Each structure stands twice: as structure tokens, then as C-alpha cells.
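Peer 1: Show me the folded form of this:
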Amino acid sequence: MIRLNPNLALAVAASAAVGITTAAVAPQFVGASLAFAGGLIGGAGIGRERALRQKHNEETAARVTACFSTLYETNRGVIDPIQLGVLANIPPQRAHDFLCDLAESTNGQKITVKQGGGVIFAFPHSQSALDELTFNARKWAEAQTQQLSAELNQHKQALQYLQLQQAASTLPKTPAPIQEPSPWENVNP
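Peer 2: Numbers count the residues shown, from 1 in each chain. Coordinates of the predicted model:
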């Protein structure tokens, strides 16, 4: 359905009114009134074109923003400009330019992919930072646990040694029994 441009309709109506009035009142100025009408209609067309272009740009920006947000969360901050271009229905070069500008302003990184695969962009992402912090905390905890475990084993061994010493010290010290020589031993017949 074709919608009539209200500004264009108003410009045509005003031009017709000015043209008819000029023709009736001062026919020598009809050329000037027609030039005025042409400028008025042209301006209305340019204004409509500008409004359509602005609306198209706003819709494109909304699509790019939505696709970028989805890819950002899904890929944890790693964005491929070709994927963004396809999903947002914009040319890949425009997606690449958008990501370059965004990377400069947000400390993102441009990463070259091996063997002519192009580039991807890595932006700071909270989940990646949380994963890295969790990994580092886990490694630190394991290192602390290993150290404490080694110290615990040393203390257990020292405790066992002390317990054995204490047990040995509580045993009564009895002298070795003196054996009396047997009258039947060492006898020569």
C-alpha cells in the first residue's frame, strides 16, 4: 500500500493555489510562481527522502545493536564481522567498520584469524572475567591446599614419632635377666 506523503500533498495544493491566484491576479508573474511551486514540491520530496533514510538508518541501528548484543552474550565478547553483517542484514564491510570503531572506543581487540580467515573482535566481557577469576582462585586454593596438606603430613609424622617416643619411655626399664649357668651345660664327659 502506497502512503501519500502529507508534505508533498500540501506542497502540491499550495503550489496550485499560488499558481491559480498568480495567474488570475498578476499573469506576468506566473513563471515565478511556477518556480516557487517547483522548489516547494522538490523540498517536500527531499524532506520525505531524508525522513525515509533516517528511519531506515534507525531500523538498521536497532538491528545491529540487537544482533551485536546477542552475539556478545552468546560468544562471551567475541564477534565476527561477517556473522554480524549477515544477522543484521548489512554489508560485511559496514559491520567491520562498526566493530573497528567500537573496538577503539571500548578497548576491544582486533584478532587476525589464521590463513586468510579475516579478523574477529574480542571485547571485554564480564563472564570471561569471572571465568578467569574463578580459574585463578581455584588454582590459588589448590596451591594453598597442597601446601597445607604437606605441612599436615609433616605434623602427623612428627606426632607419630613423638607418640612412639612417649610409648617407649613409659615402658618399664627392666634389666635383662641374668641367666645362671646351667650345671648340665658345658660339661665334658
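Peer 1: Could you use CA atoms for every contact and neighbour count after this?
Peer 2: Noted.
Peer 1: Which parts of the protein are helices?
Peer 2: Taking DSSP state H, the helices of the chain run over residues 6-25, 30-74, 81-88, 92-106, 126-170.
Peer 1: Does Y72 touch Q83 like I think?
Peer 2: No. Y72 lies out of contact with Q83 (CA atoms under 8 Å); the separation is 11.6 Å.
Peer 1: For the two, list the residues in contact with both.
Peer 2: The contact sets of Y72 and Q83 do not overlap (CA atoms under 8 Å, 6 or more residues apart in numbering).
Peer 1: Just the buried positions in stretch 54-61, please.
Peer 2: Of all the residues in stretch 54-61, not one is buried under the rule 16 or more other CA atoms under 10 Å.
Peer 1: per-residue pLDDT, the one residue sitting closest to the centre of the chain?
Peer 2: In the chain, the residue lying closest to the centroid (CA atoms, centre = their mean) is G77, at 2.2 Å. If you check G77, the pLDDT there is 79.
Peer 1: again with the one 5 residues further on
Peer 2: pLDDT recorded at I82 is 84.
Peer 1: Please name the residues that touch the residue nearest to it when sequence neighbours are not counted.
Peer 2: Sequence neighbours aside, P92 is the residue nearest to I82 in space, at 5.1 Å (criterion: CA to CA, 6 or more residues apart in numbering). Neighbour list for P92: P81, I82, L84, G85, V86 [criterion: CA under 8 Å, 6+ apart].
Peer 1: 7 Å instead, please
Peer 2: Shown in contact with P92 (CA atoms under 7 Å, 6 or more residues apart in numbering): P81, I82, G85.
Peer 1: coming back round to it: could you dump the helices of the chain into TSV with distance to I178 added?
Peer 2: Listed next are those as TSV, based on distance: least, CA to CA, whole Å:
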stretch	distance to I178
helix 6-25	132
helix 30-74	89
helix 81-88	98
helix 92-106	94
helix 126-170	23
